[in-house]
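1. Following is a predicted model, sequence given first.
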Amino acid sequence: MEEIILIDKPEGISSFGVVARVRRKLRDREGKKIKVGHTGTLDPFATGLLILLAGKATKRSNEFLKKDKEYEATVFLGKKSTTGDPEGELIEVSKTVPTKDEITKACKKLTGEIMQKVPAFSAVKINGERAYKLARKGEEVEMPTRKVTIYELEILDYNYPELKIRTKVSSGTYIRTLGEDLGDLLGTGAYLTALRRTKIADYKVEDAVKLDEYEA
């Protein structure tokens with residue numbers, strides 16, 4: 001068998017958790033163990049498009065890994081999070097209320113080719129171990145910096161302290177870090193409270209199936 005499966009990932013489950021549930025469903029359907037892999041993770045707090053490859057399709061993973069992606073995110077201004085998302089410890093930074101014009105200018109500065117530091121709470125391997133595991137142990141690790149491309153970064157809605165954005169980015173871009181960089185430019189600090197992946201290349205979340213519906 002060979003299948004490309006589009007899942008609209010719910011909040012509160014890891015990408016690996018989604019893979020495990022889809023694998024169980026396929027095993028029950030086919031009556032045998034089926035290999036399943038994802039083509040790019042989403043954090044547990046994030047929702048949206050997750051492309052899974054099953055059976056012979058897993059050999060095509062490289063076709064999907066480097067594709068551009070689109071996201072919608074809610075950025076909370078005025079505070080930072082140790083993880084860049086709602087799961088971390090929150091730190092008060094500033095009560096300054098930036099104008100929409102100031103935010104627009106900051107978004108322009110972050111558009112194009114930029115250098116982005118990989119977050120400590122990520123799945124990148126450092127000396128053979130996942131960075132997030134080292135971070136949870138309290139170990140300080142020098143994280144690598146990567147060149148990424150932010151093709152588009154626009155404001156969808158702004159009602160301080162919440163800023164909603166839409167962005168189209170190259171593969172390997174961390175939206176949590178993009179939110180933090182935006183907060184640094186504004187001098188307010190920032191972290192993501194919501195993140196939704198809406199598109200991977202030509203694949204849209206509207207064409208994906210909810211995980212519960214897939215299992216049913």
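-> Received, thanks. Numbering: from 1, shown residues only.

2. Where in the protein is the helix or strand with the lowest mean pLDDT?
-> One helix or strand of the chain scores below all others by mean pLDDT, DSSP states H and E: helix 131-136, with a mean of 62.

3. After it, which helix or strand is next?
-> Beyond helix 131-136 in the direction of the C-terminus, DSSP states H and E gives the next helix or strand as strand 145-159.

4. Would you indicate which residues of whichever helix or strand comes after that next one are buried?
-> Later in the chain than strand 145-159, the nearest helix or strand by DSSP H and E is strand 162-169. Residues of strand 162-169 classed as buried by neighbour count (16 or more other C-beta atoms under 10 Å): 163, 165, 167-169. For every residue, glycine as well, the C-beta is placed using N, CA and C.

5. can you check stretch 77-89 too?
-> By 16+ other C-beta under 10 Å, the buried positions in stretch 77-89 come out as 77-81, 83-86.

6. what distance separates the start and the end of that stretch?
-> One end of stretch 77-89 to the other measures 15 Å (C-alpha to C-alpha, to the nearest Å).

7. Please apply the same query to stretch 85-94.
-> OK, stretch 85-94 end separation, C-alpha to C-alpha: 17 Å.

8. Quick one: residues contacting the spatially most central residue of the chain.
-> The residue lying closest to the centre of the chain (C-alpha atoms, centre = their mean) is L42, at 4.8 Å. Contact analysis of L42 by C-beta atoms under 8 Å, 6 or more residues apart in numbering lists 9, 15, 48, 50, 195, 197.

9. any idea how far the first one lies from K204?
-> Taking C-beta to C-beta, to the nearest Å as the criterion, K9 is separated from K204 by 14 Å.

10. Looking at the contacts of L42, which gets the smallest pLDDT?
-> Across the set of the contacts of L42, S15 stands lowest in pLDDT, at 92.

11. Neighbour count: K9 and K204, which is higher?
-> Neighbour totals were compared for K9 and K204, and K9 leads with 26 against 13 (other C-beta atoms under 10 Å).

12. Let me see the contact set for that one.
-> 15, 18, 42, 46-50, 211.

13. And for it, nearest residue in space, chain neighbours not counted?
-> Excluding the flanking residues, the one nearest K9 by C-beta to C-beta, 6 or more residues apart in numbering is L50, at 4.6 Å.

14. Dig out what the one you found forms beta bridges with.
-> Beta-bridge pairing for L50 (DSSP bridges): I7.

15. show me what contacts it?
-> Neighbouring residues of L50 by C-beta under 8 Å, 6+ apart: 6-9, 15, 18, 38, 40, 42, 197, 208.

16. okay if I get those residues as TSV plus distance to K69 and secondary structure?
-> Output for the contacts of L50, formatted as TSV (distance: C-beta to C-beta, whole Å; DSSP: H, G, I helix; E, B strand; the rest coil):
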residue	distance to K69	secondary structure
L6	14	strand
I7	15	strand
D8	15	strand
K9	13	strand
S15	14	helix
V18	17	helix
H38	13	strand
G40	7	coil
L42	10	coil
R197	6	strand
A208	14	coil
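
17. Minimum pLDDT in the residues you listed, which residue is that?
-> pLDDT is lowest at G40 among the contacts of L50; the value there is 84.

18. List the contacts of it.
-> 50-51, 64-65, 69, 171, 200.

19. quick one: the strands in the protein?
-> Taking DSSP state E, the strands of the chain run over residues 2-9, 36-38, 47-55, 69-77, 79-81, 90-92, 112-117, 125-126, 129-130, 145-159, 162-169, 190-200, 203-204, 209-210.
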